[in-house]
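1. Show me the folded form of this:
(chains A and B)
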Amino acid sequence: MTFELITGRYLAVTVEGVPRRIYVEEAGQGRPVLCLHTAGADTRQWRHLMNDPEITASNRLIAFDMPWHGKSLPPEGFEAQEYLLTTEAYVETVLAVIEGLGLDRPVLAGCSMGGRIALQLAALHPEKFSGFIAIEASDFQPAWYDIDWFHRPDAHGGEMGASLVSANISPHAPDAERWNTLWMFMQSGPGVFRGDLSFYTQDDSLIARLPDIDTSQTPVHILVGAYDLTCTPEDAARTARAIPGATLTVMDELGHFPMSEHPEGFRPFFVEALGKMPDTASKAA
Amino acid sequence: MIDTFKTIQSRLDATPHLLRIGRLFSETVLIDVDGAEYYLSFEKGRLVTIAPGPSRKTPWRFALRTDAEALRRFWQPRPEPGFHDIFGLVKIGRGRIDGDILSLVKNLRFFKEVLGLARETREVEA
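-> This is a model prediction of the structure:
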């Protein structure tokens, strides 16, 4: 029997005054690195990096499913609620997980909406983190689609969402990982992708906060794939320019889900990004 | 261009998973290439008619308007950024989608994979 390096447990936290049961995975030891998944997906996007022994030899990679996603249940009474993620709830959730796990200033690595909230946290709560790796992250992205497409009684929102986001996957991605990436969107609960996109495409509060980020205290490294139609290299570059001291790398052969769609192609960029972050392993032990 | 659509037609007939995914798709799609119109009529997932335009009498559900060079680059084995997806063509200003977009989105996987069936041709030719 050969188990992977990843272990999963459930964490009880309270967000917006409501109990949440959060599914958390982790692998490795040393410097804590908290990893945030994209809209409409879950921790499985990070499994390749979490199963990388060289990375986990000195980094404790932790990923969790946002409420409503993956194995984290929606809150009690969800059947009568409209799920609409907000910056405030997202920030509170990430901080609650950090406190619940007792993490000491982790590196925060987030992709897409996870990258967006990473930059929000860099502006609003830098003291809680040692650095930020913002992947496919930008200040703001208006929708080039109608988010209501993805929550309808007459069609499968997950299948439509997967078909749409496939536009953001690089043709260099191996087929198997392209489809594993899309499967997560296909599995997404009714209205969840839409509720994530509501946050991602309608909240522009980050724009004014970017100049406040102090990269001398908490470095910010932005990674963006050339095949990302949602957060283009131009969007990421504009965002990096607005953050004094932020660094940017364009990944020529990758798309919007680099750690998931093309793990081997993304690995060197992630290792490089980790190298730019402070080594807090001794403090976090 | 007609030959390319005929290639798509024959490959679709030989692709069971696309016929299954498209089994509820019976619509006419307009492909506009540099102003030249091609009406692709699907019946239960099969491409049954490829009719060149112009035609003012052929109803269509949705249209993809683009140019031949953009399609040539779209059909490369590994297209450049922007040319790798129909929404990429729209994003970089080389394509436009008109009509009943919700019908397209409901059948998006089917339509994108059907259009991509010509990609293999280019790979063989390359």
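2. how long is stretch B:51-60 end to end?
-> One end of stretch B:51-60 to the other measures 12 Å (C-alpha to C-alpha, to the nearest Å).
3. cool, and stretch B:78-88?
-> By C-alpha to C-alpha, the extent of stretch B:78-88 from end to end equals 14 Å.
4. is chain A contacted by it?
-> Yes - using C-beta under 8 Å from any C-beta of the partner chain, stretch B:78-88 comes into contact with chain A via B:Arg78, B:Pro79, B:Pro81, B:Gly82, B:His84, B:Asp85, B:Ile86, B:Phe87, B:Gly88. Where C-beta positions appear, they are placed from N, C-alpha and C, glycine not excepted.
5. What mean pLDDT does that stretch get?
-> The predicted model assigns stretch B:78-88 a mean pLDDT of 97.
6. Run through the helices of chain B in chain order.
-> Under the criterion DSSP state H, helices of chain B are mapped to B:2-13, B:16-21, B:68-74, B:86-91, B:101-106, B:108-116, B:119-125.
7. want to throw the residues of stretch B:78-88 next to chain A into TSV with neighbour count?
-> Putting those into TSV (neighbours: other C-beta atoms under 10 Å in any protein chain shown) gives the following:
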residue	neighbour count
B:Arg78	12
B:Pro79	22
B:Pro81	21
B:Gly82	22
B:His84	25
B:Asp85	25
B:Ile86	20
B:Phe87	22
B:Gly88	21
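8. just curious, which of these is nearest to B:Leu24?
-> B:Ile86 (20.3 Å; C-beta to C-beta).
9. Tell me the spacing between the closest one and B:Ile31.
-> Using C-beta to C-beta, to the nearest Å, one obtains 10 Å as the distance from B:Ile86 to B:Ile31.
10. Need the residues touching each of the two.
-> Taking C-beta atoms under 8 Å, 6 or more residues apart in numbering or on different chains as the contact criterion, the common neighbours of B:Ile86 and B:Ile31 are B:Leu64.
11. hmm, stretch A:223-231 touching chain B?
-> Yes - counting by C-beta under 8 Å from any C-beta, chain B is contacted by stretch A:223-231 at A:Ala226, A:Tyr227, A:Leu229.
12. contacting residues for B:Ile21?
-> Taking C-beta under 8 Å, 6+ apart, we find B:Ile21 in contact with B:Gly45, B:Arg109, B:Phe110, B:Glu113.
13. quick revisit: mean pLDDT for the helices of chain B: which is lowest?
-> Taking each of those in turn, the one with the lowest mean pLDDT is helix B:119-125, at a mean of 54.
14. Who does the closest residue to B:Gln9 other than its chain neighbours form a beta bridge with?
-> Counting by C-beta to C-beta, 6 or more residues apart in numbering or on different chains, the nearest residue to B:Gln9 once its immediate chain neighbours are dropped is B:Leu47, at 4.3 Å. Beta bridges link B:Leu47 to B:Phe42, judged by DSSP bridges.
15. Around chain A, pick out the residues from chain B.
-> Taking C-beta under 8 Å from any C-beta as the test, the list of chain B residues beside chain A reads B:77-79, B:81-82, B:84-88, B:90-91, B:101-102, B:105-106, B:108-109, B:112.
16. mind running it again at 7 Å?
-> Counting by C-beta under 7 Å from any C-beta of the partner chain, the residues of chain B lying close to chain A are B:78-79, B:81, B:84-85, B:87-88, B:91, B:102, B:105-106, B:108-109, B:112.
17. In a markdown table: those, plus distance to A:Ser163.
-> A markdown table is the format used below for these (distance: C-beta to C-beta, whole Å):
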| residue | distance to A:Ser163 |
| --- | --- |
| B:Arg78 | 20 |
| B:Pro79 | 18 |
| B:Pro81 | 19 |
| B:His84 | 14 |
| B:Asp85 | 10 |
| B:Phe87 | 10 |
| B:Gly88 | 14 |
| B:Lys91 | 16 |
| B:Leu102 | 13 |
| B:Val105 | 7 |
| B:Lys106 | 9 |
| B:Leu108 | 4 |
| B:Arg109 | 4 |
| B:Lys112 | 7 |
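18. re earlier: looking at the residues of stretch B:78-88 next to chain A, which one is closest to A:Met251?
-> Closest approach to A:Met251 among these (C-beta to C-beta): B:Pro81, at 11.0 Å.
19. my guess is the closest one meets A:Tyr227, correct?
-> Yes - at 4.9 Å, B:Pro81 and A:Tyr227 qualify as touching, with contact defined as C-beta atoms under 7 Å.
20. Just to be sure, A:Arg21 is in a strand?
-> Yes - read with DSSP: H, G, I helix; E, B strand; the rest coil, A:Arg21 is one of the residues of a strand.
21. For it, grab the count of nearby residues.
-> When counting by other C-beta atoms under 10 Å in any protein chain shown, one arrives at 15 neighbours for A:Arg21.
22. Identify the bridge partners of it.
-> Bridge pairing for A:Arg21 (DSSP bridges) gives the partners A:Ala12.
23. Spatially nearest residue to B:Val114, not counting backbone neighbours?
-> Counting by C-beta to C-beta, 6+ apart, B:Val114 lies nearest to B:Leu12, which is 5.8 Å off, once chain neighbours are set aside.
24. again but with B:Phe74, I slipped
-> Beyond its immediate neighbours in the sequence, the residue positioned closest to B:Phe74 (C-beta to C-beta, 6+ apart) is B:Phe83, lying 5.0 Å away.
25. ok, back up a step: and the furthest pair within the residues of chain B next to chain A?
-> With distances taken as C-beta to C-beta, the most widely separated pair in the residues of chain B next to chain A is B:Arg78 and B:Leu102, at 30.5 Å.
26. Where do the strands of the stretch 1-150 of chain A begin and end?
-> A:7-15, A:18-27, A:31-36, A:59-64, A:107-111, A:131-135 (DSSP state E, counting those that start in this stretch).
27. I'd say the residue nearest to B:Gln9 and B:Ile31 touch.
-> No - applying C-beta under 7 Å as the test, B:Leu47 and B:Ile31 come out as separate, 11.4 Å apart.
28. so what's the residue nearest to B:Gln9 up against?
-> Going by C-beta atoms under 7 Å, 6 or more residues apart in numbering or on different chains, B:Leu47 touches B:Ile8, B:Gln9, B:Leu12, B:Leu40.
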